[in-house]
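# with the input below, show me the fold.
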Amino acid sequence: MTGRDYGPPKPYQLAWRTGHVETIYAHQVLLPVDFPLFGETSTDRRIKIHGIVDGQWQLILLADADDILSIRLLTSEEMPS
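Alright, predicted model coming up:
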């Protein structure tokens with residue numbers, strides 16, 4: 001168990017450059033950092049998506065940033081019924 005209440009996971013819609021669109025439920029989306037940090041630039045160009053699965057904080061998706069066209073948080077009005 002994580003010991004923190006993050007609430008329910010939120011729906012994020014990912015549009016891949018291939019044209020595929022999917023919805024992923026997660027608690028956190030981390031994007032690559034493109035600015036120098038302490039004089040160094042990050043070479044990690046991956047998008048990391050995490051969430052709580054079965055009570056454990058887990059990596060849900062790890063993808064090359066160049067493979068994803070867009071990520072957006074879906075609102076309740078945009079959710080499929």
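# contacts, neighbours, all on C-alpha from now
Fine.
# okay, now the unreliable bits of the chain?
Scanning the chain for pLDDT under 70 picks out 1-3, 35-42, 77-81.
# could you pull out the strands for it?
All strands of the chain, identified by DSSP state E, fall at 10-16, 21-26, 28-30, 46-53, 56-64, 68-73.
# for these, give me JSON lines that also has mean neighbour count and distance to residue 4.
Shown next, in JSON lines, are the strands of the chain (neighbours: other C-alpha atoms under 10 Å; distance: least, C-alpha to C-alpha, whole Å):
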{"stretch": "strand 10-16", "mean neighbour count": "18", "distance to residue 4": "16"}
{"stretch": "strand 21-26", "mean neighbour count": "16", "distance to residue 4": "15"}
{"stretch": "strand 28-30", "mean neighbour count": "14", "distance to residue 4": "14"}
{"stretch": "strand 46-53", "mean neighbour count": "18", "distance to residue 4": "10"}
{"stretch": "strand 56-64", "mean neighbour count": "13", "distance to residue 4": "10"}
{"stretch": "strand 68-73", "mean neighbour count": "14", "distance to residue 4": "22"}
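# now residue 62: how far from residue 21?
16 Å (C-alpha to C-alpha, to the nearest Å).
# how about residue 53?
From residue 53 to residue 21 the distance is 22 Å (C-alpha to C-alpha).
# off-centre distance for stretch 12-30?
7 Å (C-alpha atoms, centre = their mean, to the nearest Å).
# actually stretch 67-79, not the one I typed
Taking C-alpha atoms, centre = their mean, the mean C-alpha location of stretch 67-79 is offset from the chain mean by 10 Å.
# for stretch 26-33, same thing?
Stretch 26-33 sits 5 Å away from the centroid of its parent chain (C-alpha atoms, centre = their mean).
# am I right that residue 74 is in contact with residue 22?
No. Between residue 74 and residue 22 there is no contact under C-alpha atoms under 8 Å: 11.5 Å.
# where do the contact lists of these two overlap?
residue 13 (C-alpha atoms under 8 Å, 6 or more residues apart in numbering).
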